[in-house]
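Student: Predicted structure and sequence below. I'll ask about it afterward.
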Amino acid sequence: MTAESPTWLSLSEQAEALNRRELSSVELVNAHFERIDEINPATNAVVTRQTERALAAAAAADRRRAAGEGDLPVLLGVPMTHKDTHDTAGMRTTYGSELYADHVPQRTSTIVARLQAAGVISTGKSNVPEFAAGAHTANRVFGTTKNPYDPTRSAAGSSGGAAAAIASGVQAAGDGSDTGGSLRLPASFANIVGLRPSPGWIPRTLSESPWQWLSQPGFMARTVDDVAWLMEVCSRKPAPASANFRPRLDDGDDLSRTVIGFSPDLAGLLELEAEVRDVVAGAETVFAGLGARLSESVPDLSAARGVFRTARAYEFAANLRDIDATHPGSLKPSLQADVNAGLALTARDFFDFDQARGQLQAEMDDYFSAHDVLVTVTSQVLPFSAEEEYPTMINSSPIDDYLAWVDSTTLISATGCPAASVPSGFSSTGLPIGLQIIGPVGGDAKVLRVARYFEAATGHALRRPAL
């Protein structure tokens, strides 16, 4: 497959080519599966395929266009695999668990249903860690997903399969979800864009708990514009006026009216690998060149670690307690520890949690009254060995627990604020490094606008893996 393959077109370019009938959906879907065949031996990104069903849907899409139907769905005929934790009716969905290795759901998750309503052809599933727990995509059903920039390295997680597929030219964009960085970290490791949205833009699928807020569904793509377009297509309906997510970059416009809090290590809160620090620090010059006003001020995130860990433990225990009870010993050790932590929570823990979360939200509201966005690193480390569940050292310092290496994203998750990872450059060995842009709750369009300016000014996203 050459660089001219239609799978390398952006989402909007694919849609335009289909609508102009310069490309048929059958051709695009065939190219999609051909690319999976080429890259999957190295990446293990796609774990379930439905070739015949997808090609039949593509042929039907082509017939609709040929018949001249009006008001066609905007993404009619575009192929896409889905995260293997997102239910897709009639398609094997395993959640990365041996207990669900042959599971075929009868319902479809909201995020997938809205993609399908927009015309997307569902072609298969991308790999995940067990029950999406962890920032490294590996499980006992399908094995490990590898980084397309270096197949000896991790693709991060939990949306690692989707990120590897997008970066490798299988598809232009894809769905994922983010609890503690599961859209942002894989995007950083794969040199693509990932947005953790504000809560509520993509509604939860009933009968999932409407009270859980930490995990948010969202999108990754090779461009900021494509992520923004998917947010517009799939966000809640009827959408408010603020749901215009696509950045508007007017001629002669810049970031001169934008105040950016810039701190790669969040004022010493984060331990960073040296190359990560150096590459992200270079973004300060880019933003200054775009006219932004830069500030070294950062919000007080001292309450964020406790808020995140309590919410995460609660959600894992709430969602997996029945499985833990009926299949004791079946969960991987790190996930079992998460469930145990949730089951051990007391009323006092929840009282303290509510108070800390209120303090954190007040702090972020105050910070964003004086700043448009906060910019920091996405990942504190470079992509690590695919043989490890998580890195054990940052520089010469041991990592004290499983979550400590992802404070850069988990602390932001605790705030409920939207956050995007955008390509920021590469290490000396060619490993991608991402930049994280954070905005106020509901300020997703502002985050994407700043990300789009940075993307256009740097061109880092144009670099592809040499698979």
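Tutor: On my side now, so go ahead.

Student: which residues in this protein form helices?
Tutor: 11-19, 25-43, 51-66, 110-117, 160-167, 184-190, 224-234, 274-281, 283-289, 304-326, 333-343, 347-368, 407-415, 444-458 (DSSP state H).

Student: In CSV: these, plus distance to Ser154.
Tutor: Where you see a C-beta, it was placed from the backbone N, CA and C, and this is true even at glycine. Below are those laid out as CSV (distance: least, C-beta to C-beta, whole Å):
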stretch, distance to Ser154
helix 11-19, 26
helix 25-43, 11
helix 51-66, 28
helix 110-117, 24
helix 160-167, 7
helix 184-190, 7
helix 224-234, 22
helix 274-281, 15
helix 283-289, 23
helix 304-326, 20
helix 333-343, 15
helix 347-368, 29
helix 407-415, 15
helix 444-458, 24
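
Student: can you put these in JSON lines and add mean neighbour count?
Tutor: Listed next are the helices of the chain as JSON lines, based on neighbours: other C-beta atoms under 10 Å:
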{"stretch": "helix 11-19", "mean neighbour count": "20"}
{"stretch": "helix 25-43", "mean neighbour count": "20"}
{"stretch": "helix 51-66", "mean neighbour count": "17"}
{"stretch": "helix 110-117", "mean neighbour count": "21"}
{"stretch": "helix 160-167", "mean neighbour count": "33"}
{"stretch": "helix 184-190", "mean neighbour count": "35"}
{"stretch": "helix 224-234", "mean neighbour count": "24"}
{"stretch": "helix 274-281", "mean neighbour count": "19"}
{"stretch": "helix 283-289", "mean neighbour count": "16"}
{"stretch": "helix 304-326", "mean neighbour count": "19"}
{"stretch": "helix 333-343", "mean neighbour count": "18"}
{"stretch": "helix 347-368", "mean neighbour count": "15"}
{"stretch": "helix 407-415", "mean neighbour count": "26"}
{"stretch": "helix 444-458", "mean neighbour count": "23"}
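
Student: so Ala173 makes contact with Ala221?
Tutor: Yes. Contact criterion C-beta atoms under 8 Å: Ala173 and Ala221 qualify, at 3.6 Å.

Student: Please identify every residue contacting each of those two.
Tutor: Between them, Ala173 and Ala221 share these contacting residues under C-beta atoms under 8 Å, 6 or more residues apart in numbering: 11, 166, 227, 230.

Student: okay if I get the residues you listed as a markdown table plus pLDDT and distance to Ala45?
Tutor: Formatted as a markdown table, these follow (pLDDT from 0 to 100; distance: C-beta to C-beta, whole Å):
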| residue | pLDDT | distance to Ala45 |
| --- | --- | --- |
| Leu11 | 98 | 18 |
| Ile166 | 98 | 9 |
| Val227 | 97 | 19 |
| Leu230 | 96 | 19 |
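
Student: out of those, what pair is the most spread apart?
Tutor: Using C-beta to C-beta, those reach their maximum pairwise distance at Ile166 and Leu230, which is 11.8 Å.

Student: and for these two, which residues touch both?
Tutor: Common contact partners of Ile166 and Leu230 (C-beta under 8 Å, 6+ apart): 173, 221.

Student: Tell me who's in contact with the residue nearest the centre of the chain.
Tutor: For the chain, the residue nearest the mean C-alpha position is Leu183 (1.8 Å; C-alpha atoms, centre = their mean). By C-beta under 8 Å, 6+ apart, Leu183 lies in contact with 159, 176-177, 194-196, 218-220, 421.

Student: quick one: the strands in the stretch 151-300 of the chain?
Tutor: For the stretch 151-300 of the chain, the strands defined by DSSP state E, counting those that start in this stretch occupy 173-178, 193-196, 216-221, 259-262, 293-295.

Student: circling back: closest one to Val375 out of the shared contacts of Ala173 and Ala221, please.
Tutor: Nearest to Val375 among the shared contacts of Ala173 and Ala221: Val227, at 17.3 Å, using C-beta to C-beta.

Student: Skip the chain neighbours and tell me the closest residue to Gly77.
Tutor: Ser25 (3.0 Å; C-beta to C-beta, 6 or more residues apart in numbering).

Student: and the one you found, what is it in contact with?
Tutor: Ser25 is in contact with 18, 57-59, 61-62, 65, 76-79, 121, counting by C-beta under 8 Å, 6+ apart.

Student: Turn the residues you listed into TSV, including pLDDT and distance to Val447.
Tutor: Listed next are these as TSV, based on pLDDT from 0 to 100; distance: C-beta to C-beta, whole Å:
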residue	pLDDT	distance to Val447
Leu18	98	29
Ala57	98	33
Ala58	98	34
Ala59	98	39
Ala61	98	33
Asp62	98	37
Arg65	97	35
Leu76	98	29
Gly77	98	30
Val78	98	25
Pro79	98	28
Ile121	98	29
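
Student: Tell me which two of these sit farthest apart.
Tutor: Greatest spacing in the contacts of Ser25, by C-beta to C-beta: Arg65 and Pro79 (15.4 Å).

Student: most surrounded residue in the contacts of Leu183?
Tutor: Highest neighbour count within the contacts of Leu183: Ser159, with 38 neighbours (other C-beta atoms under 10 Å).

Student: is it true that that residue touches Pro186?
Tutor: Yes. The pair Ser159 / Pro186 is scored as a contact, 4.9 Å apart, by C-beta under 8 Å.

Student: What count of nearby residues applies to Pro328?
Tutor: By the measure other C-beta under 10 Å, the count of residues near Pro328 is 9.
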